[in-house]
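> okay, structure incoming, though there's no sequence with it:
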């Protein structure tokens with residue numbers, strides 16, 4: 001069972017999302033929150049698997065709340081659910097620690113799939129906003145030679161320590177390269193980066 005907290009400042013939206021998410025029986029909505037501050041407090045209480053997070057809310061916005069959730073419960077993953085599609089807002093949410101980003105007009109079944117994907121460690125991004133994360137040029141062409149090396153080794157399943165040893169660099173440097181890679185190719189975690197590499201790197 002995937003334990004979920006739904007965060008939205010509109011009561012009707014919260015209740016509707018709870019109903020949509022629990023249809024198949026494998027998702028349990030354990031709490032509802034009307035703002036980011038309440039969300040962080042509820043995460044500390046319930047330690048859910050996934051938080052479905054709105055971005056525009058009173059008291060504490062979704063980006064700030066995402067940071068709070070990740071600090072309070074590092075194993076809890078955040079799926080942003082919003083109507084905003086602009087590049088800067090998407091980037092801020094992902095940099096705050098959100099794992100996935102979906103739009104509110106998504107099909108109910110797609111939202112449930114996204115929650116399951118987030119719980120499994122993947123980074124589902126709505127196709128309509130994924131392009132906003134990528135530079136106009138081919139993203140793999142924006143990577144330095146070393147960043148490409150690191151990405152290829154991640155795709156082979158190597159851990160940061162192994163990559164550092166192979167390339168003769170520190171783990172901190174590997175992490176810095178990975179941070180740049182994630183931003184350039186528009187992903188939020190190494191699993192998604194590995195999947196991207198297998199699809200795009202020769």
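Yep, that arrived. Just so it is clear, the model here is predicted, and its values are computed rather than measured.
> where exactly do the helices run in this structure?
Here the chain has its helices, by DSSP state H, at 11-21, 36-46, 62-72, 87-96, 108-119, 127-130, 145-155, 160-167, 171-185, 190-200.
> how far does the third one sit from its chain's centre?
Mean C-alpha position of helix 62-72 versus that of the full chain (C-alpha atoms, centre = their mean, to the nearest Å) differs by 12 Å.
> ok so, going back, and of the helices of the chain, who's closest to residue 27?
Within those, the stretch nearest residue 27 is helix 11-21; the backing value is 4.7 Å (C-beta to C-beta). (Each C-beta comes from the backbone N, C-alpha and C, glycine too.)
> in that closest one, which residues are buried?
The neighbour-count check on helix 11-21 (16 or more other C-beta atoms under 10 Å) flags 13, 14, 17, 18, 20, 21 as buried.
> buried residues in the helix or strand bottoming out on mean pLDDT in the chain?
Using mean pLDDT, DSSP states H and E, the weakest-scoring helix or strand in the chain turns out to be helix 127-130, at a mean of 71. For helix 127-130, the neighbour count (16+ other C-beta under 10 Å) marks residue 129 as buried.
> pull the distance from it to the chain's centre.
Between the centre of helix 127-130 and the centre of its chain there are 13 Å (C-alpha atoms, centre = their mean).
> how about stretch 184-195, which residues are buried there?
Quick answer for stretch 184-195 (16+ other C-beta under 10 Å): 184, 185, 186, 187, 188, 189, 190, 192, 193, 194.
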